[in-house]
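>>> Structure for the following, please:
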Amino acid sequence: QVQLVESGGGLVQAGGSLRLSCAAPGRTFSSYAMGWFRQAPGKEREFVAGISWNGGRTSYADSVKGRFTISRDNTKNAVYLQMNSLKPEDTAVYYCAVKMRGSDWDRATHYDYWGQGTQVTVSS
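Numbers count the residues shown, from 1 in each chain. Model prediction:
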């Protein structure tokens, strides 16, 4: 089973920035839309951002609009999430996944090939 690999998480103070990366070793997903989700302790996994196969279309959760930017580099088979102006409520494990079906960006059931996640902790 192919899995994506997330990296770039860490501990940062409120107002700081992090850049998450998502790679697909040995596999290309350049023809597929991709998404970032997050899950905080005791909460459901929630949609953060999505990007179409060529980067021409993006979608964001209201809670991150204007602060987070999703991008991709198909030559490197990678997807990124630039996170600025981080808040303590952004603390969560962040996952990337491949959008395999459906039209809605924010349904986790529309995605496959989930990675193990990367922890982001924002201190106040």
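>>> Check what pLDDT the residue nearest to the spatial centre of the chain gets.
In the chain, the residue lying closest to the centroid (C-alpha atoms, centre = their mean) is residue 36, at 2.2 Å. With respect to pLDDT, residue 36 scores 98.
>>> Please apply the same query to residue 94.
For residue 94, the predicted pLDDT is 98.
>>> Just to check, it is in contact with residue 45?
No. Contact criterion C-beta atoms under 8 Å: residue 94 and residue 45 do not qualify, at 10.2 Å. (Glycine included, C-beta is placed from N, CA and C.)
>>> Quick check: neighbours shared by these two?
37, 38 (C-beta atoms under 8 Å, 6 or more residues apart in numbering).
>>> These two: who's more crowded?
Counted by other C-beta atoms under 10 Å, residue 94 and residue 45 do not tie: residue 94 has more neighbours, with 23 against 17.
>>> Now do the contacts for that one.
Residue 94 touches 6, 9, 20, 36, 37, 38, 48, 81, 117, 118, 119, 120, counting by C-beta under 8 Å, 6+ apart.
>>> Spit out the contact partners of residue 47.
35, 36, 37, 61, 105, 106, 107, 108.
>>> List buried residues within these.
For these, a neighbour count by 16 or more other C-beta atoms under 10 Å gives the buried set as 35, 36, 37, 61, 105.
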